[in-house]
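Asker: Could you look at this predicted model? Sequence included:
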Amino acid sequence: MKRSLEKAHATQVSVDQHRCVVLFYKYFIPTSTQKKIPDAALLQEYGSHYMPLLLEYMERQCHELGMKGRILLAAEGINGTLSCSSTDPIMKKFIDTLENFNLVRDLGAPSPSVAPYSEGSERIGDGKYPSVKADSQDCSGLFTEIDWKLSTIDNDQTDISIEPFPDLKISIVSEIVSSGGRVRVSEIP
């Protein structure tokens, strides 16, 4: 009986081990060859409102899916490496959720006390903001066109018991790749 319990426990550990890793990053500020991302401009303009909400949103998504890893968030972009127990459906759900993210729909609009507004602008939530509509696709695209790099541990390597990450840590930073503050993304040609 004891031996069968040990075997069942060993099987459970290998099933729950984080065997899939995804690496990703994206600069929200478009280069001269990329199209402008409307929600990126809104994020940069109202970063003090959106960055804490975006951090909470990412933490909630990762915790719901049992993911571990590291994510750096900045108004300029995102840089992350996460792990989960399987490629499908957990990783697919995470990627789909981010690719369908809509800044205003998912996080709300800043109130007039947080952000300036002008008369005659489109109304969103509690405030007025020019050229952005709450029910439109104007505020989607922040996490689209990310080149997701997926890697998995093969089943024949089941003796590997080290997890890629001990926990989940998401941080708001000034740069997603440190330059020591010497280079601004907007200055890169």
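Answerer: Arrived safely, thanks for sending.
Asker: drop to CA atoms for contacts and neighbour counts, all remaining ones
Answerer: Will do.
Asker: and Phe180, how many neighbours?
Answerer: For residue 180 the amino acid is Gly, not Phe. The tally of other residues near Gly180 (other C-alpha atoms under 10 Å) stands at 7.
Asker: Which of the three states applies to it?
Answerer: With DSSP: H, G, I helix; E, B strand; the rest coil as the basis, Gly180 sits in coil.
Asker: Repeat that for Gln44.
Answerer: helix.
Asker: how about Asp154, what does it touch?
Answerer: Neighbouring residues of Asp154 by C-alpha atoms under 8 Å, 6 or more residues apart in numbering: Arg19.
Asker: For the lengthiest helix in the chain, list every residue counted as buried.
Answerer: When the chain is parsed with DSSP state H, its longest helix is helix 47-64. For helix 47-64, the neighbour count (16 or more other C-alpha atoms under 10 Å) marks Gly47, His49, Tyr50, Met51, Leu53, Leu54, Leu55, Met58, Glu59, Cys62 as buried.
Asker: Which stretches in the protein count as strands?
Answerer: Assigned by DSSP state E, the strands in the chain fall at 20-27, 68-74, 77-84, 123-124, 127-128, 149-152, 168-172.
Asker: Same list, those strands, but as CSV with distance to Ile90, mean pLDDT and mean neighbour count please.
Answerer: As requested, those are arranged in CSV below (distance: least, C-alpha to C-alpha, whole Å; pLDDT from 0 to 100; neighbours: other C-alpha atoms under 10 Å):
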stretch, distance to Ile90, mean pLDDT, mean neighbour count
strand 20-27, 10, 92, 19
strand 68-74, 12, 95, 22
strand 77-84, 7, 94, 22
strand 123-124, 33, 40, 18
strand 127-128, 36, 41, 20
strand 149-152, 12, 88, 14
strand 168-172, 16, 96, 15
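Asker: Now distance to Leu43 too, for the ones you listed, in TSV please.
Answerer: Below are the strands of the chain laid out as TSV (distance: least, C-alpha to C-alpha, whole Å):
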stretch	distance to Leu43
strand 20-27	12
strand 68-74	9
strand 77-84	10
strand 123-124	15
strand 127-128	15
strand 149-152	25
strand 168-172	13
